[in-house]
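*Asks:* okay, sequence plus prediction incoming.
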Amino acid sequence: MDIKQACNAHKKGQYELAEAGYTAYLQKNSNHADTLHLLGCVKKQQNKYVEAIQCIEKAIEINPKVDQFYYNLGLAYYSISKIEKAMDAWKQSISLNPSCIDAYANIGYAFTQQDRFQEAQDILMQGYEINPKHQSILLNLAAACHRANDFQKARHFYEELLSVNPSHVQALKSYGHLLYKTGNLIEAINSLLYLTDIQPDCADNWYLLGCAYQDNFQDEDAIKCFKQVLSLDSNAIKACYNLGRIEEAKGHLTSAKKYYLDALKKNPNFSEVLVVLGTCYLDMADYDNAQFYIQKALENAKEQYLQIGSIHLYSLNFMPHMPELEIYQNHLKWGNDMIAHCNNPFNHIHKKNRRKKIRIGYVSPDFRRHSVVYFILPILKYHDPNQFKIYIYSNVMRPDEITDKIRKQAHEYRNICGMNTNAAAKLIIEDQLDILIDLAGHTLHNRLDIFAMKPAPIQITYLGYPGTSGLTTIDYRITDNIADPVDTLHYTEKLIRIAPPFVCYQPPDNAPEPSDLPMNQNGYITFGSFNYLGKINDNVIQLWIELLKQIPNAQLVLKSRPFHDSQMCKRFQEMFISKGISQKRLNFRGSTPGLYQHLSHYHDIDIALDPFPYNGTTTTCEALWMGVPVLTIAGNVHSERVGTVLMKCLGLDDWVTIDEKQFIRQACLFSEHPHLLSKLRRNLRHIMCASDLCNGALHAKKMESVYKKVNFFVKDDMRQNR
């Protein structure tokens, strides 16, 4: 075989023939650099990388001025993970031929894989200037920006690439992923739909499309996608997981549990499924199973250990017999682990500046249609713009019209959804905040990871969580002396107590008017609770059973999403029936679409009952706004004293009891005086409007007073320490 035949075999992919031909030629012409290079390329194609490197390096010794030799040497070195040698070879290729565009692309890709994102972007931009339509350059630029959490630039380069090649599979996939992670769900769906047309047999594409549909509340489309995933890959555990999440969100807990258990058959130690099965049991108020599966998830968690640990801490608030000290110790351990995980915390020198305005940053995943909004909007609305500059750091997965409303209340709005810890913390550092405030605690999609980095000199937690964060990097927690009396222990933060109440409620604009007292028409008292079912533990149920026994004709209405599930209704009915309470006295209702419709159900309730040890907050405020007083027991810790705060600030001290016996006595007493209940029902909304609970301007001033005080003292401490 002559050299020409060897080259033809090479082009056809007949590598053994090509290798034999090149070798035969080199036996006669051992110093022929081009043939040595070609032999090296063939060996690289055969995965004989060491031999390939030897051949190409020998070709370079003979002729060191050929850029293509260095380029292919770089590919061979990269194949055996000798990244620096590969990059040196590509750089040499560029020095010989500054237009060797693929070398720029490969160096940029290698930098990105090493998380050297700025270096990646620098070299790739050199290639971009040579050829702005080169597909590998554009893809690698987009990837470098994407990995660096520079989402705006990443999006720009993905779109440039797709304008050059609309069917570029990797670009469509990565672009769809970027759009999805940053909450641009409609655009993500459109991009991923096109991708599934191009690659209909790729399960990963269908899965990501299903996730986008799911987050956009298009459940039926999501279900079709996840079932398509399972038809392509019967072991697709995450498809089962997401089908379970859809069912759980609808309140179909029995069906959700089945999907989760099916997923665990595929992998019994899959931590993501274990933890959602645990939270599903929490939704069912099945605390033993909830803790079993969440603990098992923790044991199996690796990268997600801290995220699952946060879910575990949240679940502890619902445990009726969990010692306060044990809950605190769990939070403290998690906090220390999180801080240790963030191995590059920021150090601050809080400089005395001449800015007139204090810069305040609020961080939350709940700047959307969520209960937190009722309590943060009054503060944002009444902030003094002459003294404060407000930054919003939004981790919202599903933006809506409330998100837009929040955006308009801020001076600066930052979308940190999808940003990693370092990138989000760096953004906050660049904004030069004075105070950063967490509004979520250990609730879903929190960003306590950012607070562990200490990106602001003063950090505060407030509002969204009933206990400590566990982070010693958070300086303060805002509360009041009713929710947290002066002898309160077990916080890593220093407590700052404002005048009660520690929250301010903004009533909904579209609430129905309170109705007449149902008891007057029914002839019997109706108790009710619309709280999250996970708060309704065995102790709560036993108390309510005793109450129903004391008032034989009384009725009980429970409204919560899980009561869409007939099995859940049956389970709770049996709890009451087994203790002698007739099914006829019980009324279980699922969730209702629309706030107006939801609040209308209070027209059927005379008295609302507060659960323990985790009281209602938004639920209590909604009941009160609808004219329904709430009977509560004052407990020992914040989570079981919120009801006390809310009732006392309205002057309804008689509705706060000290124990279960007084709770029943007061309930019986109130039920014997329907005329007093009627009067209270008519006036309760007016009482709220006139109270500090709904005084947004006053509450904003209280919060601002705290901000000014802590900002002043931190500056003063810093000056003294110099």
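*Replies:* Structure received.
*Asks:* separation between Asn481 and Leu624?
*Replies:* 21 Å (C-beta to C-beta, to the nearest Å). Backbone N, C-alpha and C define where each C-beta goes, glycine included.
*Asks:* residues in contact with the residue nearest the centre of the chain?
*Replies:* With distances taken as C-alpha atoms, centre = their mean, the chain has His445 as the residue nearest its mean C-alpha position (2.1 Å). Going by C-beta atoms under 8 Å, 6 or more residues apart in numbering, His445 touches Pro365, Asn395, Met397.
*Asks:* Thr617 now?
*Replies:* Listed by C-beta under 8 Å, 6+ apart, the contact set of Thr617 reads Ser371, Phe375, Val503, Val642, Leu646.
*Asks:* among the contacts of His445, name the buried ones.
*Replies:* Neighbour-count burial (16 or more other C-beta atoms under 10 Å) is assigned, among those, to Pro365, Asn395, Met397.
*Asks:* so, low pLDDT: which residues of this protein?
*Replies:* For the chain, applying pLDDT under 70 flags the ranges 1, 343-354, 714-722.
*Asks:* show me how it divides into domains.
*Replies:* 3-192, 358-498, 518-693 (automatic domain parsing).
*Asks:* start and end of the last one, how far apart?
*Replies:* The separation between the terminal residues of domain 518-693, taken as C-alpha to C-alpha, to the nearest Å, is 26 Å.
*Asks:* any buried residues in stretch 176-193, and which?
*Replies:* Buried residues in stretch 176-193 (16+ other C-beta under 10 Å): 176-185, 187-189, 191-193.
*Asks:* from those residues, which land in helices?
*Replies:* Applying DSSP state H to the buried residues of stretch 176-193, the entries found in helices are 176-181, 185, 187-189, 191-193.
*Asks:* out of those, which is nearest to Glu493?
*Replies:* Closest to Glu493 out of those is Lys181 (30.9 Å), distances taken as C-beta to C-beta.
*Asks:* ok, the closest one - contacts?
*Replies:* Lys181 neighbours (C-beta under 8 Å, 6+ apart): Cys417, Gly418.
*Asks:* contacts for stretch 17-34?
*Replies:* 1-3, 5-7, 9-10, 35-36, 38-39, 42-43, 46, 59-60, 62-63, 66, 69.
*Asks:* count of neighbours near Gln45?
*Replies:* By the criterion of other C-beta atoms under 10 Å, Gln45 has 14 neighbours.
*Asks:* again, but for Gln114
*Replies:* 13.
*Asks:* swap in Leu676?
*Replies:* 13.
*Asks:* would you report the backbone torsion angles of Ile390?
*Replies:* Ile390 adopts backbone torsions of phi -100, psi 130, taken as degrees, to the nearest 10.
*Asks:* give the contact list for it.
*Replies:* By C-beta under 8 Å, 6+ apart, Ile390 lies in contact with Ile360, Gly361, Tyr362, Leu380, His383, Gln409, Ala410, His411, Glu412.
*Asks:* now what about stretch 277-294, what contacts it?
*Replies:* Against stretch 277-294 from outside (C-beta under 8 Å, 6+ apart): 244, 248, 253, 256-257, 260-261, 264, 274-275, 295-297, 308, 311-312, 315, 318-320, 532-537, 561-562, 568, 571.
*Asks:* quick one: end-to-end distance for that stretch.
*Replies:* 8 Å.
*Asks:* now that stretch, how far from the chain's geometric center?
*Replies:* Stretch 277-294 has its C-alpha centroid displaced from the chain centroid by 20 Å (C-alpha atoms, centre = their mean, to the nearest Å).
*Asks:* likewise stretch 551-569?
*Replies:* In this view, stretch 551-569 has its centroid 31 Å away from the chain centroid, taken as C-alpha atoms, centre = their mean.
*Asks:* over to stretch 266-281?
*Replies:* The chain centre lies 17 Å from the centre of stretch 266-281; the measure is C-alpha atoms, centre = their mean.
*Asks:* try stretch 137-155
*Replies:* Mean C-alpha position of stretch 137-155 versus that of the full chain (C-alpha atoms, centre = their mean) differs by 22 Å.
*Asks:* show me which residues of stretch 584-601 are buried.
*Replies:* Arg585, Leu586, Asn587, Phe588, Arg589, Gly590, Ser591, His598, Leu599, His601.
*Asks:* got the end-to-end distance for it?
*Replies:* For stretch 584-601, the end-to-end distance is 18 Å (C-alpha to C-alpha).
*Asks:* hmm, who's touching it?
*Replies:* Stretch 584-601 is contacted from outside by 251, 508, 510-512, 530, 548, 554-564, 568-569, 572-573, 576, 604, 622, 625-626, using C-beta under 8 Å, 6+ apart.
*Asks:* just the element for the nearest residue to Lys549 once chain neighbours are set aside, please.
*Replies:* Nearest residue to Lys549, sequence neighbours excluded (C-beta to C-beta, 6 or more residues apart in numbering): Gly580, at 6.9 Å. Remark: Gly580 resides in no helix or strand, with elements defined by DSSP states H and E.
*Asks:* before we move on, back to that, in helices only, show me the buried residues of stretch 584-601.
*Replies:* Filtering those for helices - DSSP H - leaves His598, Leu599.
*Asks:* isn't there a helix covering Phe527?
*Replies:* No. Going by DSSP: H, G, I helix; E, B strand; the rest coil, the assignment for Phe527 is strand, not a helix.
*Asks:* for it, give me its contacts.
*Replies:* 544, 547-548, 554-557, 605-609, 667.
*Asks:* list the buried ones in stretch 539-550?
*Replies:* If you call a residue buried by 16+ other C-beta under 10 Å, then stretch 539-550 has these buried ones: Val540, Ile541, Leu543, Trp544, Ile545, Leu547, Leu548.
*Asks:* my guess is Ile360 is in a strand, correct?
*Replies:* Yes. When three-state DSSP is applied, Ile360 is found to be in a strand.
*Asks:* partners of it in the sheet?
*Replies:* Ile390, Ile435 (DSSP bridges).
*Asks:* got the contact list for it?
*Replies:* Taking C-beta under 8 Å, 6+ apart as the test, what Ile360 contacts is His383, Phe388, Lys389, Ile390, Tyr391, Leu433, Asp434, Ile435, Ile437, Tyr707.
*Asks:* farthest-separated two in these?
*Replies:* Spanning the widest gap among the contacts of Ile360 are His383 and Leu433, at 14.5 Å by C-beta to C-beta.
*Asks:* can you show me the strands along the stretch 351-500 of the chain?
*Replies:* Along the stretch 351-500 of the chain, the stretches classed as strands by DSSP state E, counting those that start in this stretch are 358-364, 388-394, 412-415, 435-438, 458-461, 476-480, 494-498.
*Asks:* hmm, I typed the wrong one, I wanted the stretch 501-650 of the chain.
*Replies:* With DSSP E, counting those that start in this stretch applied, the stretch 501-650 of the chain shows strands at 526-529, 555-559, 586-589, 607-609, 630-633, listed in chain order.
*Asks:* which parts of the longest one are buried?
*Replies:* Of the residues in strand 555-559, those buried by neighbour count under the rule 16+ other C-beta under 10 Å are Gln555, Leu556, Val557, Leu558, Lys559.
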